[in-house]
Structures are given as structure tokens and as C-alpha cells.
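K.L.:
Got a sequence here, can you build the structure:
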Amino acid sequence: MLGLLGPGLIAANAGNDAGGIATYSSAGAKYGYDLLWTIVLIAISLAIVQLLAARMGVVTGKGLAELVREEYGIRWSVLATSAVLVANLGICISDFVGTGAALGLAGVPAQVSVPIAAVGIWLIIVRGSYRTAERIFIWFTIPFFAYPIAAILAHPDWAEVGKAIVSPTIHTSPTYVILLIATIGTTITPYMQLYLQSATVERGVREDGLGHEENEAVAGSVFACVIAAFILIATGATLYKHGIHEISSAAEAAAALKPFAGQFAETLFGIGLLGASLLACAILPIATSYVVSESLGYEKGVGRRPGEAPVFVGVITAMIVISAIVAVVPGLPVISLLIGVQVVNGLLLPINLFFIWRLSRSRRVMGERRSRGMLDAVTGLTVAVLSCLSIVLVAVTVLGGG
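P.N.:
Numbers count the residues shown, from 1 in each chain. Have a look, this model is predicted:
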């Protein structure tokens, strides 16, 4: 089973990190099941984008940042790299905070749990092989199954759930619009495609394995969105039903579940948060290092020693160390940090998606595997809609509309 799973599942689930869980929980607490219909559209959009990233990795044997540098020049590559560095470092900090918060539910202080997690993740990435790291990352996705169980323990009205999925309830309030856009934005983030394409290359997949990689990318996207739906259902069935409409973090959502769904549900939610945070804490430094190395033409590879790929290992080490240190600072303004990251990601996503669309349809880059016909049209529409939503979210965030 582990041999059948890979970068598609890992990348998609890394997007369901601490910030993502907090967003889904906020949506469930604020509007119950009313935003469930968006998960269906998100699943379709994410599957298309991830499929194209996997396809480009297999066909070209190059990461997205490397293709951008070769096709559009070093300026665009450096711009994208700078934005990725800022955004991913911010997200990585928030996920180490999530790791500490998850274990904090069990009484383990963040000053103990975060450094141990940081050392463990560094050893997995730098001292192991790519195959070993990939298998461990897949194991990190197992705790996500805690969310469906937590949702079942919350005893939702499944008829209401089904109705919310097929019959959208749309509100006109600014808060609803912001949560809707944030739900989309937190599920489709730039580092997911960057990691997926580069990891597919490093995996050494040949064109005869393209179909499997594409299917795995789509399946991973669907699985991640199903998990997001269950988080929304769990909080909608408990917090929303009992009048708790404001949630500021995933850990707060887990603790708030306890009076309504029991200690077991809180524990499951915390386990899910831990798995999600650990996975993102590992993938974010790798994705960032892939981008930096590809943009500047340096050696790269999970499991490479510092002497073999000094820049690749150096970026990973710096990100983990900085994130872990900042994450244990008392009184860290996590919400302000996430808002800043949201703005950078919102500006980066349209650029990322545009390059994926243009490169995937290029005959010179992709040959006979290029996007054509309906797939190309749907991809173009997806890129346009997601880009507009990202820009709106940035504008609202900067202007203080939330």
C-alpha cells in the first residue's frame, strides 16, 4: 500500500495544516454546514492543479521553479522564490505552534515538544533516504482519519449535511464571503504544487508510470477535501449547534469539542492536529528548499548530506531552526502572523497557477502530453477564478474587512 501512495497524497494533506484546520473549524462554528458545498468545488479545482503538477514533473523531469527559470527567466524565478520563502516560513512557524498546541492538550509543554519535533523532522529529511522520508510522511497522514471519527462522535444530522452539499446556502455578509474565500485559499496553497512536482521528479517516475502518478494526485486531493469536510461537519454539529461561533485556532476547536462530543472527540481532534502539523512542518522546508535550489541551479534532494547539497540542506535546517525557536516564544501573535502569510500566499497563488497553466499547455515543454481541449479550458477557468478570489482575499485582509 505504501508503494502505491506518494507525493500526491502527501502534498494535498500537507495543505490541511494547523491554519487550514483552524479555518475549517471557524467555518463550521460560524455557519454550521453552510459552507460544505464549497468543498466539492475545491476538490475539483485542487485535483486539476495537482494532476498538472504531477504530469509536468514526470514529463519534463524538472521542478516548477526550474521550468519557470528556464522558460521565463531568472527575474520571475527570484520573485517567486522570495515570496515562497516569506510565506512558507510563516506557515512553518504556525505549524510548529500547532504541534506544540496539539501535545499541549495532553499536558506536554511546547518548550519540550517543539524542539523534539524539530530534531526528529530534520533527521528524517537529512539523514534518511527519499524513500524512507516519503513512507514516514505517508504515515503522518494516518492521524487524519481521526477527523471522520470525531465527526461521527459529534452526531450530526446527516440529512442536513447532504442537503448542505447539494443545495448551497449563500449568505451576503462580509464575514461569510471572507470565510468562503479563506476556505478555498487555505486548501489550495502554492507550496503544495511546488512540492508535488519536485517530489515526483525526485521519485524518478518514468512516463509509463504517468497514469498512476496522475491518479494518485487526484485521489490525494479528494482525500484531503473529504477530511476538510469532516472537520467542518464535526464543528458544525457541536460548536455551531451550541452557540459557539468564534474559534481562533485548531487547538481551541479541539478543546471546545469536549463538552459536546466527549473527551474522545477532543483527543481525536488533537491527534489529527498533531499529524497535520508534523506533516506540514516537514513538507514546508522541503518545498522551500526545492524552489531555492531549482531557481538558483544548486544540487537538491531529500537525504543528501550537507557536503553534497549545502544550499538545499542549509535552507531546510534554517527554516526548521527559526520556526521552532519562534514557535516557543511566549505570547507569539499567531493570528497576526497568519494574516500576513495569507496576504503573501494570496499574491503568490495567481502567479503559481498561471505558470502551471501556461507550462502545462506548452508544446515545447510538454510535447504530446500538453493540456488540450476541455482540460485546458477547465484549467484556464480554474486559474482565473482562484486568482480573482485570492486577490479579493488579499484586498479584504489588507483593508481590514475581516
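K.L.:
surely Cys281 meets Met319?
P.N.:
No. Applying CB atoms under 8 Å, one finds Cys281 not in contact with Met319, separated by 9.3 Å. All C-beta atoms are positioned from the backbone trio N, CA, C, and that covers glycine.
K.L.:
what's the overlap in contacts for those two?
P.N.:
Cys92 (CB atoms under 8 Å, 6 or more residues apart in numbering).
K.L.:
Looking at the two, which is more packed in?
P.N.:
The residue with more neighbours, out of Cys281 and Met319, is Cys281; 31 against 23, by other CB atoms under 10 Å.
K.L.:
buried residues in the helix or strand where that one lies?
P.N.:
In this structure, Cys281 sits in helix 263-296 according to DSSP states H and E. Buried positions in helix 263-296, judged by neighbour count with 16 or more other CB atoms under 10 Å: 265-295.
K.L.:
do stretch 89-109 as well
P.N.:
Buried residues in stretch 89-109 (16+ other CB under 10 Å): 89-105.
K.L.:
can you give me how far it is from the chain middle?
P.N.:
In terms of CA atoms, centre = their mean, to the nearest Å, the centre of stretch 89-109 is found 16 Å from the chain centre.
K.L.:
For it, give the mean pLDDT please.
P.N.:
For stretch 89-109, mean pLDDT rounds to 88.
K.L.:
Alpha carbons of that stretch, in CSV - could you do that?
P.N.:
Only the C-alpha atoms of stretch 89-109 are listed here, as CSV (Å, rounded to 0.1, in the frame of the first residue of the first chain):
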residue,chain,number,x,y,z
LEU,A,89,8.5,30.4,6.8
GLY,A,90,5.4,32.0,8.3
ILE,A,91,3.3,28.9,7.7
CYS,A,92,6.0,26.6,9.1
ILE,A,93,6.1,28.7,12.3
SER,A,94,2.4,28.4,12.7
ASP,A,95,2.6,24.6,12.2
PHE,A,96,5.2,24.2,14.9
VAL,A,97,2.9,26.3,17.1
GLY,A,98,0.2,23.7,16.1
THR,A,99,2.4,20.9,17.1
GLY,A,100,3.0,22.4,20.5
ALA,A,101,-0.7,23.1,20.9
ALA,A,102,-1.7,19.6,20.0
LEU,A,103,0.6,18.0,22.5
GLY,A,104,-0.3,20.7,24.9
LEU,A,105,-3.8,19.1,25.1
ALA,A,106,-2.0,16.1,26.6
GLY,A,107,-0.1,18.3,29.1
VAL,A,108,3.2,18.4,27.3
PRO,A,109,4.6,21.9,27.2
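K.L.:
Would you tell me what the next helix or strand after the one helix or strand Glu71 maps to is?
P.N.:
Using DSSP H and E, Glu71 maps to helix 64-72. Going down the chain from helix 64-72, the next helix or strand is helix 74-104, by DSSP H and E.
K.L.:
packing partners for that following helix?
P.N.:
Secondary-structure packing of helix 74-104 (3 or more CB pairs under 8 Å, 6 or more residues apart in numbering; DSSP states H and E): helix 18-31, helix 64-72, helix 110-127, helix 190-203, helix 250-261, helix 263-296, helix 310-327, helix 334-360.
K.L.:
Can you flag the weakest of those by average pLDDT?
P.N.:
Lowest mean pLDDT of these: helix 250-261, a mean of 72.
K.L.:
Trp357 contacts Val378, doesn't it?
P.N.:
No. Applying CB under 8 Å, one finds Trp357 not in contact with Val378, separated by 10.5 Å.
K.L.:
residues touching the spatially closest residue to Met319 that is not a sequence neighbour, list them.
P.N.:
Nearest non-adjacent residue to Met319, counting by CB to CB, 6 or more residues apart in numbering: Pro285, 4.1 Å away. If you count contacts by CB under 8 Å, 6+ apart, Pro285 has them with 88, 92, 121, 125, 315-316, 319-320.
K.L.:
what separates the residue lying closest to Tyr72 once chain neighbours are set aside from Val205, distance-wise?
P.N.:
Among residues not flanking Tyr72 along the chain, Phe355 sits closest, at 7.4 Å (CB to CB, 6+ apart). The gap separating Phe355 from Val205 is 21 Å, by CB to CB, to the nearest Å.
K.L.:
which ones are touching Ala87?
P.N.:
Contacts for Ala87 (CB under 8 Å, 6+ apart) come out as 190-191, 341, 344-345, 348.
K.L.:
Grab the nearest non-local neighbour of it.
P.N.:
Val344 (4.1 Å).
K.L.:
how close does that neighbour get to Tyr298?
P.N.:
To Tyr298, Val344 is 23 Å away according to CB to CB.
K.L.:
next one: Thr23
P.N.:
According to CB to CB, Thr23 and Tyr298 sit 34 Å apart.
K.L.:
More neighbours: the two, which one.
P.N.:
Set side by side, Thr23 and Tyr298 show more neighbours around Thr23, with 26 against 15, by other CB under 10 Å.
K.L.:
which non-adjacent residue is nearest the more buried one?
P.N.:
Nearest non-adjacent residue to Thr23 (CB to CB, 6+ apart): Thr186, at 4.5 Å.
K.L.:
likewise Ala254?
P.N.:
Nearest to Ala254 is Phe269, by CB to CB, 6+ apart, at 3.8 Å.
K.L.:
you'd agree that neighbour is up against Pro148?
P.N.:
No. Phe269 lies out of contact with Pro148 (CB under 8 Å); the separation is 11.4 Å.
K.L.:
How about the contacts made by the residue nearest to Gly90 when sequence neighbours are not counted?
P.N.:
In this structure, Gly90 finds its nearest non-sequential neighbour in Val341, 3.6 Å apart by CB to CB, 6+ apart. Val341 makes contacts with 19, 86-87, 90-91, 94, as judged by CB under 8 Å, 6+ apart.
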